[in-house]
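> the following block contains a protein sequence and its predicted model.
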Amino acid sequence: MRLPRILAPRVTASAHCDLPCGVYDPAQARIEAESVKMICEKYQANTDPEFRTRAVIIKEQRAELVKHHLWVLWTDYFKVPHFEKYPNLHTLFNEATKLAGASGVKGSLDPATADQLLAKIDEIAKIFWETKKA
C-alpha cells in the first residue's frame, strides 16, 4: 500500500521535550550534579559492596543527566549572540560536559571532582541568568 508511505513523516526532529517549550534552567544540571556529589560522599562512607555497586550505577546515570541538561542549554538555549558576547561559553560547556563524563565524575568517585563540575555549572548559570535579564 502506498498510503502509509505517503503519510509517513519525511523529516524527524528531536528536542529535549516533545514540544519545544522554551523552558530552560541550569538548575536541572546542578541538581543532578549535586546528586552525583552526594553519591560520591556516601560511597566513600560505606564499605558494603552491594551499596557501592548501586551507588556507582546511579552516579553514572545522574552524570548522564547532567550532560543531557548541559547539552540542551548549549545547543537549544544559547544562540550566536550569546557566544559572541561571552566568548568563553563554548569552553565552559566543553569543560563542564567533560567533567560530567568519563574523564570527570562518571569515571571518578571523588567528591572534589563533583565540586569542580558544580563550579562550572555555576559559571554557566551566571551567564545564563545574565542573558535572561537582557
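Good, I have the coordinates.
> from Thr47, how far off is the closest residue to Gly107 other than its chain neighbours?
Closest residue in space to Gly107, ignoring its immediate chain neighbours: Gly101 at 7.5 Å, by CB to CB, 6 or more residues apart in numbering. Where C-beta positions appear, they are placed from N, C-alpha and C, glycine not excepted. To Thr47, Gly101 is 27 Å away according to CB to CB, to the nearest Å.
> was I right about Pro111 contacting Cys40?
Yes. Using CB atoms under 8 Å, Pro111 makes contact with Cys40 at a distance of 4.5 Å.
> okay, those two: which has more neighbours?
More crowded of Pro111 and Cys40, by other CB atoms under 10 Å: Cys40, with 22 against 18.
> contacting residues for that one?
59, 105, 108-111, 113-114 (CB atoms under 8 Å, 6 or more residues apart in numbering).
> and Asn88, how many neighbours does it have?
Neighbours of Asn88 using other CB under 10 Å come to 11.
> meant to ask about Arg30
Residues near Arg30, counting by other CB under 10 Å, number 18.
> that one sits in which helix or strand?
Take DSSP states H and E as the rule and Arg30 turns out to sit in helix 27-44.
> now that helix, how far from the centre of its chain.
When C-alpha coordinates are averaged (CA atoms, centre = their mean, to the nearest Å), helix 27-44 and its chain have centres 12 Å apart.
> same question for stretch 118-133.
13 Å.
> burial of Asp115, as a residue count?
Residues near Asp115, counting by other CB under 10 Å: 15.
> follow-up on the earlier one: in the very next helix or strand once past the helix holding Arg30, which residues are buried?
Sequence order places helix 49-72 as the next helix or strand after helix 27-44, per DSSP H and E. By neighbour count with 16 or more other CB atoms under 10 Å, helix 49-72 contains the buried residues 55, 59-60, 62-63, 65-67, 69-72.
> with that, I have no additional questions.
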